[in-house]
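Participant: With the input below, show me the fold.
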Amino acid sequence: MTAAALGPAAVGLAASGSVSPETTQQATGYPSLFLLVLLGALVPVVPTGAVVSSAAAVAFHHPEPVLSSLGVFLTAAVAAFLGDATLFWLGRRGVRSRNGSRWLDRMHDQVAPERLRRAEERLAHGSATVLLVSRLVPAGRIPVMLACLLARMPMRTYLRGNLPATLAWAATYQLLGMLGGALFPHPWQGVVAAVSLTVLIGVAPALWRRLRGPGGDGPDGGHAARA
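Facilitator: The predicted structure is shown next:
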């Protein structure tokens, strides 16, 4: 169950009078959000942006929206950072091993050679900026991480550049969720709006490249963002 479903479920339980909204969200919302974002960072099949924006939309309607929104932001940022750190560590083991690893092979399978080449070119011009942009551009995280691994970037350097990237990523989807929550009076409506905005942002680059034709592929080509 995604956070998009957990939010309305929590509201429903609170409305029944069995538990308070604060207790429900703390007991189910934050741990579920953390696990989903962490899993999405390791295996990019979970739409983590939509998960965070959904949780933020629900938090906007919380009796204490400021504290609740801060909890969503911190939970998402920490989970994303730990997930990236773990995946980078697993990838480094593959780079150092003579036989590679399934984690490194999986990243190779997800990245087209042309996208990897562009990521390596951008990495050569400044790692901090590339890491920041890669977290915000749809499908940009894995190509840049793979380029960092193949360049044998020290883990400390990667983590130092990735920290502001994960903070910016969490803040971006937090704001999208708060916008969705502010537009509608009911939490479930805010969740729908937040997810719709997230999906639109994720698919817009791919649609734009398709409209431009085969020769108009942007610098971070690929599928819609999931992490």
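Participant: Give the ranges of residues in the protein that sit below the confidence cut-off.
Facilitator: Residue ranges of the chain with pLDDT under 70: 1-28, 99-100, 127, 188, 190, 201-210, 212-227.
Participant: let's see it at 80
Facilitator: Low-confidence segments of the chain (pLDDT under 80): 1-28, 44-45, 94, 96-103, 125-128, 138-139, 181, 183-227.
Participant: Name the single longest helix found in it.
Facilitator: helix 65-96 (DSSP state H).
Participant: Show me what counts as buried in that one.
Facilitator: Neighbour-count burial for helix 65-96, counted by 16 or more other CB atoms under 10 Å, picks out 68-69, 71-73, 75-85, 87-88, 90-92, 94. Every C-beta, even on glycine, is put in place using the N, C-alpha and C of the backbone.
Participant: Stretch 34-45 too?
Facilitator: Those would be F34, L36, V37, L38, L39, G40, A41, L42, P44, for stretch 34-45 by 16+ other CB under 10 Å.
Participant: Among those, which lie within helices?
Facilitator: F34, L36, V37, L38, L39, G40, A41, L42.
Participant: Quick check: phi and psi at the nearest residue to the fifth one once chain neighbours are set aside.
Facilitator: Taking CB to CB, 6 or more residues apart in numbering as the measure, L39 lies nearest to V46, with 5.5 Å between them; neighbours along the chain are not counted. Comment: the main-chain dihedrals of V46 come out as phi -90, psi 130, following degrees, to the nearest 10.
Participant: hang on, V46 packs against L35?
Facilitator: No - with contact defined as CB atoms under 8 Å, V46 does not reach L35; the gap is 9.7 Å.
Participant: re the thing from before, quick check: next helix or strand after the longest helix of the chain?
Facilitator: helix 102-110 (DSSP states H and E).
Participant: Other residues contacting that next one?
Facilitator: With contact meaning CB atoms under 8 Å, 6 or more residues apart in numbering, helix 102-110 is reached by P44, L87, L90, G91, R93, G94, V95, I142, M145, L146, L149.
Participant: how about these in TSV, adding distance to L197?
Facilitator: As requested, those are exported to TSV (distance: CB to CB, whole Å):
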residue	distance to L197
P44	20
L87	26
L90	32
G91	31
R93	37
G94	36
V95	37
I142	23
M145	26
L146	29
L149	32
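Participant: nearest to G180, of these?
Facilitator: P44 (23.0 Å; CB to CB).
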